[in-house]
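> coords please:
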Amino acid sequence: MLELGGGGVADADLIKDTSEATFMQDVIEMSQTVPVIVDFWAPWCGPCKTLGPALETAVKKAKGAVKMVKIDVDQNQQIAGQLRIQSIPTVYAFWQGQPVDGFQGAVPQSELDQFVVRVAELGGGKGDGGLGDAVEAAEEMLAEGAAVDAAQTFAAVLGEDPNNAAAYGGLIRAHLALDDVEQAEAILNGAPAEISDAPELEAARAQLELAKQAASAGPLDDLRRAVEANPDDHQARYDLATALHAAGDVEGAVDELLDLFRRDRDWNDAAAKTQLFTIFDALEAKDPIALNGRRKLSSMIFV
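Got it, this is the predicted structure:
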């Protein structure tokens with residue numbers, strides 16, 4: 001399971017004190033991948049006592065898009081001299097090993113916020129506290145069959161961001177992979193209203209419906225024989241498609257439903273078309289089965 005901090009990125013990872021011994025690691029090397037804001041201060045500096053906490057607040061708002069390092073100039077005079085720090089507070093922003101922005105003196109919170117946003121944009125502005133990476137890692141776990149670890153990671157992301165639709169959808173799919181349909185449905189029903197129409201939730205909803213159908217799918221071989229014996233037995237063909245999907249043959253299920261739609265598009269209140277859309281919604285948008293299936297269905301609808 002991927003461990004997440006209690007506030008997106010833990011404050012200890014975002015903001016730290018450094019020294020001449022660790023400046024290279026904490027600032028120069030770190031800034032190769034994420035912008036680093038350096039606050040030069042001293043205990044006796046009155047404005048520093050105001051600026052420092054305000055700057056920390058702005059950095060925390062960025063949720064990992066930038067990091068902050070604090071340097072006591074009294075204890076680290078060599079670094080202060082090399083960077084020609086003539087008065088404090090002085091703030092420099094480093095990106096890929098070089099100072100790229102900065103200012104001197106205390107400034108209002110609004111200007112600090114703008115400064116941090118400007119610096120964050122240098123690194124791409126990816127301030128989600130690493131949650132996107134966590135979701136991606138959980139998806140990889142799920143693809144590799146580690147559904148329990150994936151579920152735990154998705155849940156951890158939701159602990160940080162309760163409206164993360166990708167994590168919600170992933171958590172539902174992880175429980176489906178664990179054959180825990182009841183819990184998957186409970187998670188879906190508990191999703192915040194703000195994200196109920198998100199594509200990730202729509203896909204999970206479709207996958208849940210298909211999983212519930214799979215639980216009652218009939219014997220595959222018997223259904224094949226029934227369709228072969230009577231190709232116009234629409235219920236048998238529909239049930240065969242359900243059984244094929246339950247067995248993992250998604251393309252076969254789509255083919256049977258397309259055939260059913262071709263034979264009688266209005267059967268059972270257009271059940272074939274409805275089921276096809278459910279399958280398409282459960283697949284990724286660029287999945288070849290979904291793309292080809294939608295194209296074939298459209299060609300039949302508009303003939």
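> please report the distance of the closest residue to residue 200 other than its chain neighbours from residue 201.
Of all residues not flanking residue 200 in the chain, residue 169 sits nearest, at 3.3 Å (CB to CB, 6 or more residues apart in numbering). Quick note: C-beta positions are derived from backbone N, CA and C, even for glycine. Using CB to CB, to the nearest Å, residue 169 is found at 6 Å from residue 201.
> for these two, indicate the residue with more neighbours.
Comparing residue 169 with residue 201 by other CB atoms under 10 Å, the one with more neighbours is residue 169, at 26 against 19.
> just confirm that one contacts residue 206, I think it does.
No: Residue 169 lies out of contact with residue 206 (CB atoms under 8 Å); the separation is 10.5 Å.
> where in this structure is the helix or strand with the lowest mean pLDDT?
Every helix and strand in the chain was compared by mean pLDDT, DSSP states H and E; the lowest is helix 11-14, with a mean of 70.
> which residue of the chain sits farthest from its center?
residue 229 (48.0 Å; CA atoms, centre = their mean).
> how near is that residue to residue 134?
Taking CB to CB, one finds residue 229 at 52 Å from residue 134.
> which stretches of the stretch 1-150 of the chain have low pLDDT?
1-12, 125-131 (pLDDT under 70).
> where do the strands of the stretch 51-200 of the chain begin and end?
Assigned by DSSP state E, counting those that start in this stretch, the strands in the stretch 51-200 of the chain fall at 67-72, 90-95, 98-104.
> pipe these into TSV and attach mean neighbour count and distance to residue 185 per row.
Output for the strands of the stretch 51-200 of the chain, formatted as TSV (neighbours: other CB atoms under 10 Å; distance: least, CB to CB, whole Å):
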stretch	mean neighbour count	distance to residue 185
strand 67-72	22	41
strand 90-95	22	47
strand 98-104	14	50
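> take those strands and write them to TSV, including distance to residue 278.
Listed next are the strands of the stretch 51-200 of the chain as TSV, based on distance: least, CB to CB, whole Å:
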stretch	distance to residue 278
strand 67-72	45
strand 90-95	48
strand 98-104	51
